[in-house]
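1. Predicted model, plus sequence, below.
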Amino acid sequence: MPRPEYPASIFEFQSYFPDELSCVKFLMASRWPDGFKCPRCGSGDFYYIEGRHLLQCQNCRRQTSATAGTVMHKTRQPLRAWFWAAYLVTTHTPGLSAVQLKRQLGGKVHYETAFLMLHKLRAAMVREGREKLRGVVEVDETFIGGREADMPGRAGSKPIVVGAVEDKGESAGRVRLRLIPNAGRRTLEKFIRENVELGSEVRTDGWAGYNALSKLGYRHMATIEGSPEMAVVILPHVHRAFANLKTWLLGTHHGAVSWQHMQAYLNEFVFRYNRRGTPMAGFQTVLGLADERLGPTYEGLYGIAKGETEYAHPNPGELREITHAELTR
């Protein structure tokens, strides 16, 4: 049985998910498209315990978490809040900041909670074993925050990001971005080996860090740019991606992105850039419904105990057993 279709417009989203129960049904249809079966006894009869996101087998009473293995695992937030966050972060063209998410959810979550939710969604945007870029690929590096006065290849006061973009002629294909400590040969070669298929044509500027690419199995085309202004001419696609990235960081996030979390923001940019033609297709992906992607913990992001600051389920003390019939009709 195929997974459920994702909403194609905001009107469909509102009609698909008017309440918590509708979110539960979508979650179950996505995770168990052939119907839920108890891992212990194989029975398909169960109750859903509202407020705890648990499926309890009617036969052996074993409890299975409906959100385990997703970014919503052990969440205290309503599922609708997660669904709205996933929908907004994948479809809103300028992206979404924690402040904006907090506002969109009616101020019912603290800023730290909105920040954590977005980072969990960003963690689900990176798929292990994804296909490498191929064909003609432009590769270059840039400083986030403007040009750096330091010598090329050396880390100064600004983050260095290396990027690779498929050249499809008039248009660009997929993109990859990574925060790097320096632009030395080993660093750049490692990035290219992990993200570009062997045999591809790799186009770069004349920086010496790319000189050995031909020995690694790539067709290397280097062009001496002569002046910084020429970089946009010889490598148009990767520099257009860099320009869009910097505009997004300054516009949506006002440039207030720390080095610690920079890669997470790069991952979000890559995810949305590569799905710019079909943004709503990423809705299920960022919820972790396609693969098990738990995302970072609060302690992992802040290094401190979380405390009781989250907006919990509307009625955490009123746990109701929702019958199998209610979920499947």
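-> Alright, I've got the coordinates. Numbering: from 1, shown residues only.
2. Which residue is the nearest non-sequential neighbour of residue 232?
-> The shortest distance from residue 232 to any residue other than its chain neighbours is 4.6 Å, reached at residue 239 (Cβ to Cβ, 6 or more residues apart in numbering). Heads up, the C-betas are built off the backbone N, CA and C, glycines and all.
3. now residue 275
-> In space, not counting the residues next to it along the chain, residue 275 is nearest to residue 282; the distance is 5.2 Å by Cβ to Cβ, 6+ apart.
4. just checking, that neighbour touches residue 271?
-> Yes: the pair residue 282 and residue 271 qualifies as a contact (Cβ atoms under 8 Å) at a distance of 6.4 Å.
5. what is in contact with these two at once?
-> 90, 125 (Cβ atoms under 8 Å, 6 or more residues apart in numbering).
6. just to revisit the earlier point, who are the neighbours in contact with the residue nearest to residue 275?
-> Counting by Cβ under 8 Å, 6+ apart, residue 282 makes contact with 90, 125, 271, 272, 275.
7. Now for residue 71, how many residues are close by?
-> 25 (other Cβ atoms under 10 Å).
8. If you count contacts, what does the strand or helix carrying residue 121 end up packed against?
-> Assigned by DSSP states H and E, residue 121 belongs to helix 111-123. Contacts of helix 111-123 with other secondary structure elements, assessed using 3 or more Cβ pairs under 8 Å, 6 or more residues apart in numbering; DSSP states H and E, are made with helix 79-91, helix 98-104, helix 259-274, helix 298-302.
9. In which helix or strand does the spatially closest residue to residue 271 that is not a sequence neighbour reside?
-> Nearest-residue entry for residue 271: residue 125, 3.7 Å, with adjacent residues in sequence omitted and distances by Cβ to Cβ, 6+ apart. Counting by DSSP H and E, residue 125 is held by no secondary-structure element, helix or strand.
10. OK, contacts around the closest residue to residue 39 other than its chain neighbours?
-> Ranked by Cβ to Cβ, 6+ apart and with sequence neighbours excluded, the top spatial neighbour of residue 39 is residue 64, at 6.3 Å. For residue 64, the set of contacting residues under the criterion of Cβ under 8 Å, 6+ apart consists of 36, 38, 39, 54, 55, 56, 57.
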